[in-house]
Every structure is written in C-alpha cells, then in structure tokens.
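Chemist: pasting the sequence and the predicted coordinates here, then a few questions.
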Amino acid sequence: MLTHEELLAAVPHCLAGTNFTHLGRKYEGKVRDVYLQEGQRVLITTDRVSAFDRVLGLIPYKGQVLNQLSLWWFEQTADIVPHHVISSPDPNVVIGREAIPLPIEVVVRGYITGVTTTSLWYLYEQGERRPYGLSLPDGLHKNDALPQPIITPTTKAQQGQHDAPITREEILAQGLLTAELWVEVERVALALFGRGQTVAQEAGLILVDTKYEMGLVDGRLTLIDEIHTPDSSRYWVAETYGKGGEPENFDKEFLRKWYAAQGYRGEGEPPMMPAEFRAEVAGRYIAAYERLTGRPFVPAEQPAAERIGRNLGL
C-alpha cells in the first residue's frame, strides 16, 4: 500500500482531463472519456470523480484503479459473459470493441439501503412495497440484507440527469428489449453479482449493490463498462456491518458523505477538496483494489495524450 505521503505527493500530478480528441470523435464520457477510432472504443479513464453529478475532484491513481480493477474482474467473470476489451496498452487506457449499448442499465441489490429517490430504502421508507415492480416484505430496516438479490433496472439517463426506475413489464411493453434478451440479462446480472459477493466476502468486504452496463457485440450480450469497482458498486467493510451506525464505505459514497458534510448538494460551485482528503479517498480506492485482487497496486506514470497516441499506434 502506498503511504499517505506518497499519495499526497501524487495529488498535483493527477490527470485532470487532457484533450484526447486526436484519437477520434468524442462519443461519451463522465469519468471515462470514450472516443471512436476505426470502429473501436478507446476508453481513457482519468482521475476525475463523479459524486453528485458534475462534481470533479482529483483523486490520485483513481483512473488506474478503475481500469485495472475492471480488467481483473473481466478475467474473473469471462465464464459468465464476454466483455468488450481488446487490449490495455496503458494503465489508463482500454481499447474495446464497438458495442450497441442496451437502453437500460441493471442494478443488482443485495441490501436495502441508499438515500437517493431511486434507492430501495428511500422508496420503502415512503411506503412503497413494490418498487420496480418487485415485492418486498414488511418489517425491513435500513441496511438489512434482502432475502435474495433483486434486479432493479433503470433507464440510461442523459448526462446531468438521473436514471429513472423502470419495471420488467415496461421494458417489454415499450420494446426496449425482447423477452428472451431480458431473461439473459437477468441471468447474467445475478450470476455476476453472486461471483462478486463471493470475492468480496473473501476480501473482508460486502458487495451491497452494483450497476452493470451491457450491450451487444455482433448480436451477443457483452459487458461494456467497468465492473465491481468502487465507482460502480457499493462496498461495506464487513467487520463494521451490524455494529450500530452506518457501515464503513469502500466506495465513492465516502466522497458523497464528505460533500454533504460541507453542505453541498450538487448546485453551484463545489467546495475545494483538500489534498489530505484526496489522499485518504485514494487510499480507500487502492485498498479496495488490493483486497479484491490480492495484488499490490503499483502506480504507473500518468501519460500525456501524445504518449497514449503513440502506444495506440495513432
């Protein structure tokens, strides 16, 4: 594990957002910038963070953790579903096959928690017992484990907006997916979540919930974005669960809580994030990587856009 001093020293050198437009047309991006280059997706993961949409802060090595952890997870789950990755010539870069994203995203939840208006706990607390068209029993409390993991699909929101809940029946009625494809999505999502829970448990963590983005490559269901990272999943430290109070987070919820403590709710100019806090957050991201993979995290030099281009042969 990198020392606190090493993380602090890295803060000024984190990649805040370099212009990579010479790699191709910009396709999409929030934390990940995606460019199209000769039918392939070039993903440049920066050290930005998205917590409360449109808030950016520099977190040392965060981009590398997201890329490298996702690549590791792709290897661990290749027997469940194929992924879109062709190669990773740089710790900050992934080259993937061009995919057709599904018009929905799938969130699998093993616990009832959350504070946003689409979270299970928020809806449940409002008296909703059939959120997302599902059935939940009475008597649940915040952070309780659900009887079994459940799938809560959402629409794919435009940037700056929130995903909207949608039911299985609405997905089929609106023709967003065929019944056969939705069954496959459900099967794959639950299998991925089960694998993720097992690995997290062995690492002393709890995989609480996670988002999967899938697409079609040559008509075949494929994973097309990061998987089981601290940005795409909610992790709790197992030893802090059930001890009273909120479990300790090993994900970007730690950032959201900091912003909330500063009184920031996503509007206007965000508060300055101290370097010491950036280093602390980075330590959590790196610790999640090391716990899950069993590997030490070895940071690589943050590349300039030109060097990335050379590595890609562009």
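Modeler: Looks like it arrived, so ask away.
Chemist: tell me which residue lies nearest the centroid of the chain.
Modeler: The residue lying closest to the centre of the chain (Cα atoms, centre = their mean) is Ser232, at 1.5 Å.
Chemist: ok, it to Glu170 distance?
Modeler: As judged by Cβ to Cβ, to the nearest Å, Ser232 and Glu170 stand 24 Å apart. C-beta coordinates here come from the backbone N, C-alpha and C atoms, glycine included.
Chemist: helices of this structure, start to end?
Modeler: With helices called from DSSP state H, the chain shows them at 4-10, 62-76, 120-125, 168-173, 179-202, 253-261, 275-293, 305-311.
Chemist: tilt between the second one and helix 275-293?
Modeler: I take that to be helix 62-76. Here helix 62-76 runs at an angle of 10 degrees relative to helix 275-293 (axes from the mean of the first three to the mean of the last three Cα atoms, to 10 degrees).
Chemist: tell me where the model's unsure across the protein.
Modeler: Scanning the chain with the threshold set as pLDDT under 70 gives 12-21, 27-32, 48-57, 157-162, 302-314.
Chemist: how about a cut-off of 50?
Modeler: For the chain, no stretch is flagged by pLDDT under 50.
Chemist: which strand runs longest in it?
Modeler: Assignment by DSSP state E gives strand 145-155 as the longest strand of the chain.
Chemist: and of the helices of the chain, who's closest to Glu98?
Modeler: helix 62-76 (17.0 Å; Cβ to Cβ).
Chemist: got a list of what Gly24 touches?
Modeler: By Cβ atoms under 8 Å, 6 or more residues apart in numbering, Gly24 lies in contact with Tyr35, Leu36, Gln37, Glu38, Val42.
Chemist: and what of Gly204?
Modeler: If you count contacts by Cβ under 8 Å, 6+ apart, then Gly204 has Val237, Ala238, Glu239, Arg291 around it.
Chemist: next, work out how far apart it and Ala287 are.
Modeler: Per Cβ to Cβ, Gly204 is found 10 Å from Ala287.
Chemist: likewise Val107?
Modeler: Between Val107 and Ala287 the computed distance is 24 Å (Cβ to Cβ).
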